[in-house]
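Trainee: Take a look and give me a structure for this.
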Amino acid sequence: MSLQRKPCRCLLAESQPDLALTVAEYIASLPPEFRADEAVYQARLAHCRACDQLFDGTCVLCGCYAEARAAKLRQRCPAVPPRWLEGEPT
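Mentor: Numbering: from 1, shown residues only. This next block holds a predicted model:
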C-alpha cells in the first residue's frame, strides 16, 4: 500500500524544506532594488497562506512558488481581483 501525502495549503518552508532553502537562496540573490521589503513580503505571504489557490507552496493560478513571487517588488498576485499589487504595501 502506497501512502501519498495530500497537498497542503502551506508555504514551502512548511511542506518542502529543501526546496524552501533553494528558493530562499534565490531570493537572497535578487538585487535589493528588486526585492520587496520584509514587511511587504510577510504581508503578501499572509495573503498567500489564506488563499485557497495555494498548494504545497505553489500558486495554482500562476505556477510560481509563493515565497519567490511575494519577494519580488514588481510582482502582483495573479488572482482576480489581486490580493496584493506590485510595488505596493498590502
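Trainee: so which helix or strand takes in residue 22?
Mentor: Using DSSP states H and E, residue 22 falls within helix 17-29.
Trainee: just checking, next helix/strand downstream of that helix?
Mentor: Counting by DSSP H and E, what follows helix 17-29 is helix 38-50.
Trainee: contacts for that next one?
Mentor: 9-11, 35-36, 54, 59, 66-67, 70-71, 73, 77, 83-84, 88-90 (CB atoms under 8 Å, 6 or more residues apart in numbering). Yep, even glycine has a C-beta here, placed from its N, CA and C like the rest.
Trainee: Quick check on these: which are buried?
Mentor: Neighbour-count burial (16 or more other CB atoms under 10 Å) applied to the contacts of helix 38-50 gives 9-11, 35-36, 54, 59, 66-67, 70-71, 73, 77, 83-84, 90.
Trainee: burial measure for the residue lying closest to residue 26 once chain neighbours are set aside, as a count.
Mentor: Closest residue in space to residue 26, ignoring its immediate chain neighbours: residue 68 at 6.3 Å, by CB to CB, 6 or more residues apart in numbering. By other CB atoms under 10 Å, 18 other residues sit near residue 68.
Trainee: same deal with residue 16?
Mentor: So residue 16, with other CB under 10 Å, has 17 neighbours.
Trainee: need the contact list for it.
Mentor: By CB under 8 Å, 6+ apart, the neighbours of residue 16 are 56, 57.
Trainee: again, but for residue 76
Mentor: 82, 84, 85, 86.
Trainee: Now do the SS call for the first one.
Mentor: The one in question is residue 82. coil (DSSP: H, G, I helix; E, B strand; the rest coil).
Trainee: do you know how far it is from residue 35?
Mentor: 19 Å (CB to CB, to the nearest Å).
Trainee: Using PyMOL, make a named selection holding only the buried ones among the contacts of residue 76.
Mentor: In PyMOL syntax, the buried subset of these is picked out as below (16+ other CB under 10 Å):
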select buried, resi 84
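Trainee: Find the residue at the geometric middle of this protein.
Mentor: By CA atoms, centre = their mean, the chain has its centre lying nearest to residue 66, at 1.5 Å.
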